[in-house]
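In: dropping the sequence and predicted coords here.
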Amino acid sequence: MKPIGYIKSPYKEKGEAPRQSTLSGETTAVIEILEEYQEGIADIQEGEYGVILFYFHKSEGYKLTTLSRRNNQVMGVFSTRSPNRPNGIGLSTVRFVKREGNRLFFEGVDMLDNTPVLDIKPYIDPAAVAD
């Protein structure tokens with residue numbers, strides 16, 4: 001796997017970023033898409049929601065259990081949003097604010113500066129999915 005771009009975030013160090021994208025308010029960041037992938041963002045529109053898949057590039061190691069901040073209990077890492085995971089892949093739901101050339105501005109920032117972006121997908125509301 002190789003990155004399609006990198007995030008330019010106001011959060012530079014671990015501990016600065018919110019634990020999840022819904023807690024970041026109107027803080028914005030930018031995905032700078034690499035030139036060879038720029039055509040792939042052509043139809044992303046202002047106000048749309050998307051899912052960003054990224055690599056936790058500053059995580060160091062992992063444990064298969066972790067203390068959950070949600071309920072203060074030890075839980076398996078795969079049932080948490082911990083960045084310390086075997087493959088270090090994160091995902092966040094964001095709202096796209098604007099697109100300028102190879103740059104996508106978005107709200108819902110919970111990533112650190114220079115985070116490698118692996119993929120971008122449209123957000124599909126679970127309520128809209130047929131059984």
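Out: Nice, thanks for sending it over. Numbers count the residues shown, from 1 in each chain.
In: who's in contact with the strand or helix carrying Lys98?
Out: For Lys98, the host element (DSSP states H and E) is strand 89-100. With contact meaning CB atoms under 8 Å, 6 or more residues apart in numbering, strand 89-100 is reached by 20-22, 28, 41, 44-56, 81, 83, 104-111, 118, 123. Bear in mind the C-beta positions are built from the backbone N, C-alpha and C, glycine included.
In: would you mind writing the CA trace of it as CSV?
Out: What follows is strand 89-100, C-alpha atoms only, in CSV (Å, rounded to 0.1, in the frame of the first residue of the first chain):
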residue,chain,number,x,y,z
ILE,A,89,-5.0,1.9,9.9
GLY,A,90,-7.3,4.7,11.0
LEU,A,91,-10.6,6.0,9.6
SER,A,92,-12.5,9.2,10.2
THR,A,93,-15.7,10.6,8.8
VAL,A,94,-15.2,14.2,7.7
ARG,A,95,-17.1,17.0,5.9
PHE,A,96,-15.4,18.4,2.8
VAL,A,97,-15.3,22.2,2.9
LYS,A,98,-13.8,22.9,-0.5
ARG,A,99,-11.5,21.6,-3.2
GLU,A,100,-8.7,23.6,-4.8
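In: in it, which residues are buried?
Out: Gly90, Ser92, Val94, Arg95, Phe96, Val97, Arg99 (16 or more other CB atoms under 10 Å).
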